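A.B. asks: the following block contains a protein sequence and its predicted model.
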Amino acid sequence: MAFFILRALIAALGLWLATEWVDGISVNSPTTLILAALLLGIVNAIVRPLAILLTLPLTLVTLGFFLLVVNAAMVGLVAAFLPGMTVQGFWAAFWTAIIVSIVSWIGNAMFKPGQPKRID
């Protein structure tokens, strides 16, 4: 449970960076930012696998690059469900998805579960 909360906070950091760097995305409050990160985690766990399965032929033809479009669609879906978050257009969702993915990748690399940290 603690790891899920940590991942949600890392995703919230990525969403916050996206609101600072990407034109066309806005979040009204810090509470909305946390809710958006939690909802993004739920959407990525439930809807994204189904979307990947349905778009598998297109993903294979594009050598995996269509997954970037799927990730952008997940950000757009979160914005559609959350009243305090707005995403204006595909490219805003696209760059937001890339920023959140990079921040999540770095954060998850730093805080891997089940591996003790060595202090040398």
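C.D. replies: Great, that's in hand.
A.B. asks: buried residues of the longest helix that the chain contains, list them for me.
C.D. replies: Scanning the chain for the helix with the most residues, using DSSP state H, yields helix 30-54. Within helix 30-54, the residues that qualify as buried are 32-41, 43-44, 48, 51, counting by 16 or more other Cβ atoms under 10 Å. Glycine gets a C-beta too; all of them are placed from N, C-alpha and C.
A.B. asks: nearest to residue 70 among those residues?
C.D. replies: Set against residue 70, the nearest of the buried residues of helix 30-54 by Cβ to Cβ is residue 51 (5.2 Å).
A.B. asks: tell me how far the closest one lies from residue 95.
C.D. replies: 19 Å (Cβ to Cβ, to the nearest Å).
A.B. asks: same thing with residue 5?
C.D. replies: Distance of residue 5 to residue 95, given as Cβ to Cβ: 26 Å.
A.B. asks: among the buried residues of helix 30-54, which one lies nearest to residue 65?
C.D. replies: Relative to residue 65, the closest of the buried residues of helix 30-54 is residue 51; by Cβ to Cβ it sits at 14.9 Å.
A.B. asks: distance of the most centrally placed residue in the chain from residue 60?
C.D. replies: With distances taken as Cα atoms, centre = their mean, residue 100 lies nearest the centre of the chain, 4.8 Å away. According to Cβ to Cβ, residue 100 stands 24 Å off from residue 60.
A.B. asks: equivalent analysis for residue 66, please.
C.D. replies: Distance from residue 66 to residue 60, counting by Cβ to Cβ: 9 Å.
A.B. asks: got it, and residue 109?
C.D. replies: Residue 109 is 27 Å from residue 60, where distance means Cβ to Cβ.
A.B. asks: cool, thanks, talk later.
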